[in-house]
Each structure stands twice: as C-alpha cells, then as structure tokens.
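Engineer: everything below, folded, please.
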Amino acid sequence: MIERAQKALDILLEGNERFTKGESTVSNRCVETLKAHKDGQSPIACIVTCSDSRVIPEMIFDKGFGELFVVRCAGAVIGENILESVEYAVDHLKVPLVMVLSHDDCGVMKAAKAMYPKEPDHLQLLIRSVYEIIDSETECYNELARDYTLTKKRKLLKRSAILRQAHSEGKFEIVRGYLSFEDGKVSILN
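Structural biologist: Sure, this is the predicted structure:
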C-alpha cells in the first residue's frame, strides 16, 4: 500500500478505536471550525458507504469538518453520481485512500435476499446490483454485505478511466471495510 494511503488508513482506524472505547477527541464540530474550512477542504480519505442513518463515518472514525469526503447511497450502490463523486475526491481533492464501507443489518442486502430471484418491482437499481453476487445458497445478509464490498471496489476501477489511471500510478488505494453494530468496530476486509 502506498505510504499516504497507509497513513490515512491508520488515522481512520485509530479514530475508530477511540470511538469504540467512548474516547472520541474531535472538538471541531462547531461553527468556528466550519468557518475555518470555508475556502476549501483537504480530506484524508473518501468513504463510500450506505445512507443508513446509523452509519456516520465522521463519528465512527472520530473526524470532524473537512477531514473526510463521504459519498452515500442506499447500499452504497455504484451509480454514476457515486462514481463521479469518487473521481472528484481522487482527481481534484487528491485523497490517497478510498474506503468502501458496508455494515451490519443493511436494508438493501435484506431486501435483495428476500426478493431473490424474483425481478424487483421497486428499488430496481439497488436490488439488481446485489443480484450480481447473490444465489440461492446465500444465507446471511451480513455476509452478503461484506462480499458486496469487493464488487463495489472492482466497479470503481472498471467503470472509471480516471480511477484506473490514478490507481495504476500509485496515487490512491481502495480498501474494503465492514462496520459491526455490536461493537462499533470497522474491520478491514481482504
């Protein structure tokens, strides 16, 4: 892993450890800090995650204003708006790390598992994207959420020439993370 990406990952995991111990240190959650960032941002990482209201990367990683570039969509499905947001983070903001973060009890994973193999009558984009990796043997939707992070990682690189080039030039790394609601810990997936 490139040095800048490893440093960013270490910072995130240290923040997550503080969060899990109830020892968060971020004090920059006030208007004065927001004003200090009015002329720009320099986030250390881009977090691609679900819109689930229980998944708040700034809190989970003990970060405040200007420290994370967060891209959210139900199920963290990689549509054009998500893809272009990640391109912006890598190409313009120069983040060295992109984390694709999934979590326990994801509603999109539950819905996909419940509907499979029927054609979804709603949530079509969300459900169809999960169908790419699901089969009749899939038992646990939390395991499905973990596995789906690999699909999302691959899609980012496959669908974006900007990201492929930056990745091949060693400008950023993509890691997969999983948030447990039991203990608040983010595990890095291989």
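Engineer: could you use CA atoms for every contact and neighbour count after this?
Structural biologist: Noted.
Engineer: measure stretch 52-62 end to end?
Structural biologist: End-to-end distance of stretch 52-62 (C-alpha to C-alpha, to the nearest Å): 18 Å.
Engineer: equivalent analysis for stretch 66-80, please.
Structural biologist: End-to-end for stretch 66-80, by C-alpha to C-alpha: 24 Å.
Engineer: and it, average pLDDT?
Structural biologist: Throughout stretch 66-80, pLDDT has a mean value of 92.
Engineer: got it, and stretch 102-109?
Structural biologist: Here stretch 102-109 scores 88 as its mean pLDDT.
Engineer: and stretch 129-137, by the same measure?
Structural biologist: Stretch 129-137 shows a mean pLDDT of 77.
Engineer: ends of that stretch, what's the gap?
Structural biologist: Chord length of stretch 129-137, first to last residue, is 17 Å (C-alpha to C-alpha).
Engineer: tell me how far it lies from the chain's centre.
Structural biologist: From the chain centre to the centre of stretch 129-137 is a distance of 20 Å (C-alpha atoms, centre = their mean, to the nearest Å).
Engineer: likewise stretch 182-190?
Structural biologist: With C-alpha atoms, centre = their mean, you get 12 Å for stretch 182-190.
Engineer: settle this for me: Val26 is touching Glu67, isn't it.
Structural biologist: No - Val26 is beyond contact range of Glu67, at 10.7 Å (criterion: C-alpha atoms under 8 Å).
Engineer: where in this protein is pLDDT low?
Structural biologist: 28-29, 136, 138 (pLDDT under 70).
Engineer: just the helices in it please.
Structural biologist: Secondary structure of the chain (DSSP state H): helices at 3-20, 31-36, 57-60, 80-91, 107-115, 124-131, 141-159, 161-168.
Engineer: buried stuff in the first one?
Structural biologist: Taking 16 or more other C-alpha atoms under 10 Å as the neighbour-count basis, helix 3-20 is seen to contain the buried residues 4-5, 8-9, 11-13, 15-20.
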